[in-house]
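Student: Sequence first, then the predicted structure, then my questions.
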Amino acid sequence: MEEEKIESKFPGLEPPNYISIPTVFIDYALELKTSSHINVYLMIVYHVFKYNKINGEKVSMKMLSGNLNLSKRTTQKAIKYLVENGYLKKIKGKIGNETCIYFPLVKKETHGKR
């Protein structure tokens with residue numbers, strides 16, 4: 001029995017290229033005040049989960065502001081807000097010669113109660 005060839009615009013599937021982000025992230029991201037807060041937090045969470053650095057990840061200001069197309073000042077204000085409101089902890093460090101910030105994600109007791 002010969003297979004009938006059907007012309008299709010569907011190119012087929014590729015192996016998955018995604019990361020899994022906890023739903024609690026979305027719960028708290030929705031409470032953030034501005035898009036810069038959300039974007040900075042999302043970029044940090046993305047790096048943590050993409051590289052499986054569950055205890056935190058080193059991220060430079062240059063990388064954050066460059067990848068998000070934000071000014072350094074806007075990026076700094078967003079990080080300040082996220083740290084002051086308990087979304088992130090901030091620990092200074094270095095990546096090569098560049099100053100970076102190490103962001104361990106903060107576990108809140110209320111996360112499991114939503």
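Tutor: That came through, no problem. Just so we're clear, the structure is a prediction, and the values are computed from it rather than from any experiment.
Student: Next, S8: secondary structure please.
Tutor: Following DSSP: H, G, I helix; E, B strand; the rest coil, the label given to S8 is coil.
Student: Number of residues surrounding it?
Tutor: Number of residues near S8 (other Cβ atoms under 10 Å) recorded here: 7. C-beta here means a position set from N, CA and C on the backbone, and glycine is covered the same way.
Student: mind checking the backbone torsions on it?
Tutor: phi -140, psi 150 (degrees, to the nearest 10).
Student: What of the one 3 residues further on?
Tutor: Main-chain dihedrals, P11, degrees, to the nearest 10: phi -80, psi -10.
Student: for this protein, what's the longest helix?
Tutor: In the chain, taking DSSP state H as the definition, the longest helix is helix 35-50.
Student: buried set for that one?
Tutor: 36-45, 47-49 (16 or more other Cβ atoms under 10 Å).
Student: Local confidence estimate at the closest residue to N39 other than its chain neighbours?
Tutor: Leaving aside its chain neighbours, N39 sits nearest to L68 (5.0 Å; criterion: Cβ to Cβ, 6 or more residues apart in numbering). Looking at L68, its pLDDT reads 93.
Student: what's the answer for the one 3 residues further on, then?
Tutor: The pLDDT attached to S71 in the predicted structure is 94.
Student: Please name the nearest non-neighbouring residue to it.
Tutor: S65 (6.5 Å).
Student: wait, that neighbour sits on A78?
Tutor: No. Using Cβ atoms under 8 Å as the test, S65 is too far from A78 to be in contact (9.7 Å).
Student: hey, where'd the strands end up in this protein?
Tutor: 57-60, 91-95, 98-103 (DSSP state E).
Student: my guess is L88 contacts I79, does it?
Tutor: Yes. Between L88 and I79 a contact is recorded at 7.2 Å, counting by Cβ under 8 Å.
Student: What is the burial count for S71?
Tutor: Per other Cβ under 10 Å, the neighbour tally for S71 reads 11.
Student: Can you give me the distance of it to V83?
Tutor: 18 Å (Cβ to Cβ, to the nearest Å).
Student: same deal with L70?
Tutor: 16 Å.
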